[in-house]
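Undergrad: Here's a sequence, model it:
(one chain, ligands or ions: 1)
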Amino acid sequence: MKKILVTGGCGYIGAHTIIDLIENGFEPICVDNNSRSTPVLLEGIEKITGKKIKNYKVDLCSFDETHAVFQENPDIEGIIHFAAYKAVGESVHEPLLYFENNLFSLINILKCVKEFKVPYFIFSSSCTVYGNPDEIPVTENTPTKPAESPYGYTKQIGEQIVSETTKTIFAQSILLRYFNPVGAHPTALIGEMPLGKPENLVPAITQTAIGKIPQLKVHGNDYPTRDGSCVRDYIHVCDIAHAHILALQYLIKRKNKSRCEIFNLGTGNGVTVLEAIKAFEKVSGVKLNYIIGPRRQGDIVAVYADNKLAREQLGWEIEYSLDEMMLTAWKWELKLKDDEAIHNNPNFKMN
Ligand code: WQD
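TA: Numbers count the residues shown, from 1 in each chain. Below is the predicted model:
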């Protein structure tokens, strides 16, 4: 069974990918320092798959700590590198924190990929590398523009580091550019766990609907779009997760035509903020309490994917609709509330 190292495996996309790896016959091991996550999602993975996943609680910015994981697992055959800070707003205020964390960790992992001759490397990138595109939908050849944040720069620079490094070492690599990952596993046993007040739209919607947030603010409705609100390509986290397995299999079967290939992971459909809210209200039956507020600094007007390459080369198919994205996100939010009620219940005793 091929051992796959998943960095950031306790995180939102990492945890969903670990489930898909297990279901496709791989042996995932997790490395996560839990600075922005908790091992809670590993419990959900165990409930879904019956497999207990070992997490190495390691700071990937420490070469020695990173190297020790590879020394203990010299048979690692592939790496999916999710571990990174990803809060756009925070990165504007803390650029050095983002450049240090996101790039030092990547460089340490790649130094181990080189030393231990790991054959396959998949890098978690983002549509944010396109900046504010002149043309939409964006293809993998759409020129990248200046990033809108230090976070975006860490993805642009990260892609260059992976691309240049894998020209000179044993590994073959793939860069996966996610659009807007949303939703949760259909079992509602794992999902997104934003720390503090959510920046992203869908957790902000579900937390407003459940009463954790009093009112959702729509950041602007005066953009040059069909209803004035921004357009994004929302994609279910399970569709994103499955693309990682297909990318790994693509490399294992040596179908890649170059040492570093790029794929867009989006549905190809642009959805406005107000349309996303309407879809949520339809599937949840909840009338959402929101107001129109001012534009958010750094927001781009519209971006969505041309996903032809991933569909044709990886055999990737979109399984989840916008309604299912919203419904699974809502079911997960309801589950979180039930769990809180149970844990806060004075009669609840851990056995
Ligand atoms: C989507 C739209 C907001 C919250 C970012 C990163 C991207 C990826 C996903 C990491 C925008 C509007 C949001 C709210 C709102 N992250 N919105 N009210 O900014 O497109 O992408 O997160 O990989 O790299 O750039 O996602 O969900 O924050 O915003 O109106 O309370 O929803 O203005 O138009 P974004 P988002």
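
Undergrad: Endpoints of stretch 261-277, how far apart?
TA: End-to-end distance of stretch 261-277 (Cα to Cα, to the nearest Å): 35 Å.

Undergrad: average pLDDT across that stretch?
TA: Stretch 261-277 shows a mean pLDDT of 98.

Undergrad: hmm, it touching the ligand?
TA: Yes - for stretch 261-277, a contact with the ligand is found by Cβ under 6 Å from any ligand atom, at V273. (Glycine included, C-beta is placed from N, CA and C.)

Undergrad: Pretty sure I161 sits against L106.
TA: Yes - using Cβ atoms under 8 Å, I161 is in contact with L106, at 6.0 Å.

Undergrad: Those two: who's more crowded?
TA: Shown here are I161 and L106; by other Cβ atoms under 10 Å, L106 has more neighbours (23 against 16).

Undergrad: before we move on, which element is the more buried one in?
TA: helix 105-115 (DSSP states H and E).

Undergrad: same deal with C30?
TA: For C30, the host element (DSSP H and E) is strand 27-31.

Undergrad: now for that strand, which elements pack on it?
TA: strand 3-7, helix 12-23, strand 55-56, helix 63-72 (3 or more Cβ pairs under 8 Å, 6 or more residues apart in numbering; DSSP states H and E).

Undergrad: Now do the strands in the stretch 101-250 of the chain.
TA: With strands called from DSSP state E, counting those that start in this stretch, the stretch 101-250 of the chain shows them at 120-126, 172-178, 180-182, 216-219, 231-232, 234-236.

Undergrad: ok, now the stretch 251-351 of the chain?
TA: Assigned by DSSP E, counting those that start in this stretch, the strands in the stretch 251-351 of the chain fall at 260-265, 271-272, 290-293.

Undergrad: Around the ligand, pick out the residues from the stretch 201-350 of the chain.
TA: Counting by Cβ under 6 Å from any ligand atom, the residues of the stretch 201-350 of the chain close to the ligand are 201, 204, 216-219, 230, 232, 273, 296, 299.

Undergrad: for those, which one is nearest C10?
TA: Checking these against C10 with Cβ to Cβ, the nearest one is A204 at 22.1 Å.

Undergrad: Quick check, L265 in contact with L175.
TA: No - between L265 and L175 there is no contact under Cβ under 8 Å: 10.4 Å.

Undergrad: Where do the helices of the stretch 151-300 of the chain begin and end?
TA: Using DSSP state H, counting those that start in this stretch, the helices of the stretch 151-300 of the chain run over 201-210, 237-252, 273-284.

Undergrad: Just the buried residues of stretch 192-204, please?
TA: 192-193, 198, 200-204 (16 or more other Cβ atoms under 10 Å).

Undergrad: would a markdown table of the helices and strands packed on strand 27-31 with mean pLDDT, mean neighbour count and distance to L110 be doable?
TA: Below are these laid out as a markdown table (pLDDT from 0 to 100; neighbours: other Cβ atoms under 10 Å; distance: least, Cβ to Cβ, whole Å):
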| stretch | mean pLDDT | mean neighbour count | distance to L110 |
| --- | --- | --- | --- |
| strand 3-7 | 98 | 24 | 11 |
| helix 12-23 | 98 | 25 | 18 |
| strand 55-56 | 96 | 18 | 18 |
| helix 63-72 | 98 | 15 | 10 |
